[in-house]
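> build me a model:
(chains A and B)
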Amino acid sequence: SAVISQKPSRDICQRGTSLTIQCQVDSQVTMMFWYRQQPGQSLTLIATANQGSEATYESGFVIDKFPISRPNLTFSTLTVSNMSPEDSSIYLCSVFSGTAEEQYFGPGTRLTVT
Amino acid sequence: TQLLEQSPQFLSIQEGENLTVYCNSSSVFSSLQWYRQEPGEGPVLLVTVVTGGEVKKLKRLTFQFGDARKDSSLHITAAQPGDTGLYLCAVRVRDSSYKLIFGSGTRLLVRP
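Down below sits the predicted model:
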């Protein structure tokens, strides 16, 4: 199994500012993902965080808005840039074990943009 | 267009009642997973179904994978308030990305 922690757990930010969310895993993992969960909704994949190379973004998400870093196999950051109220969501970090077909999720970062 | 459509979107029932949640798609999948998410937490894996027609039981929860591997259902017997949460079906893309795509979700409230 994998234990994932995220910082911050929640934040309230002003529009136009940026917030960087950190994701720390207690073991080395190959596959790391970032999801967004808008209020009352399911999870939408933002991007796959690739170690040592640029992240792979899903349709509707761009690097300028959601830059991602993955400096090693246990850590990643997601930045939400130039925020607007529409960015108010829960952002979740997730890892895939590969061999066990298990996917683990962090507790999420609840972001409110005013 | 959502790859996986879940129904109902929201369900409010009394403790002790039975319920079924559906996950439908027009695509065929090699496997399908069900997750439950509680407030303030990430989703937690409940089960993975792999074979068409497969039925798996987890205490009071029964999961079935459609014969054609396009749909799945989750049946809860004698629901309890602890079953309250967001239920999500999900499938893994079988390319080099291994990304997990979620259904639209079913929010369940079990009233005591």
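> where's the nearest residue to residue A:101 once chain neighbours are set aside, which helix or strand?
Closest residue to residue A:101 apart from its sequence neighbours, by Cβ to Cβ, 6 or more residues apart in numbering or on different chains: residue B:48 at 6.2 Å. C-beta coordinates here come from the backbone N, C-alpha and C atoms, glycine included. Take DSSP states H and E as the rule and residue B:48 turns out to sit in strand B:44-49.
> tell me the secondary structure at residue A:86.
Three-state assignment for residue A:86 (DSSP: H, G, I helix; E, B strand; the rest coil): helix.
> distance of the nearest residue to it once chain neighbours are set aside from residue A:91?
Leaving out its chain neighbours, the residue that sits closest to residue A:86 by Cβ to Cβ, 6+ apart is residue A:113, at 7.8 Å. Between residue A:113 and residue A:91 the distance is 12 Å, computed by Cβ to Cβ, to the nearest Å.
> which one of the two is surrounded by more residues?
Per other Cβ atoms under 10 Å in any protein chain shown, whichever of residue A:113 and residue A:91 has more neighbours is residue A:91, with 22 against 19.
> pretty sure the more buried one sits in a strand.
Yes - Residue A:91: assigned to a strand according to three-state DSSP.
> pull up the pairing partners for the strand holding residue B:48, direction included.
The pairing partners recorded for strand B:44-49 under DSSP bridges are strand B:32-37 (antiparallel).
> adjacent strands (with direction) for the one helix or strand residue B:73 maps to?
Taking DSSP H and E as the criterion, residue B:73 maps to strand B:71-76. Strand B:71-76 sits in its sheet next to strand B:19-24 (antiparallel), strand B:61-65 (antiparallel), going by DSSP bridges.
> buried residues in the first one, which are they?
The neighbour-count criterion (16 or more other Cβ atoms under 10 Å in any protein chain shown) identifies B:19, B:21, B:22, B:23, B:24 as the buried residues of strand B:19-24.
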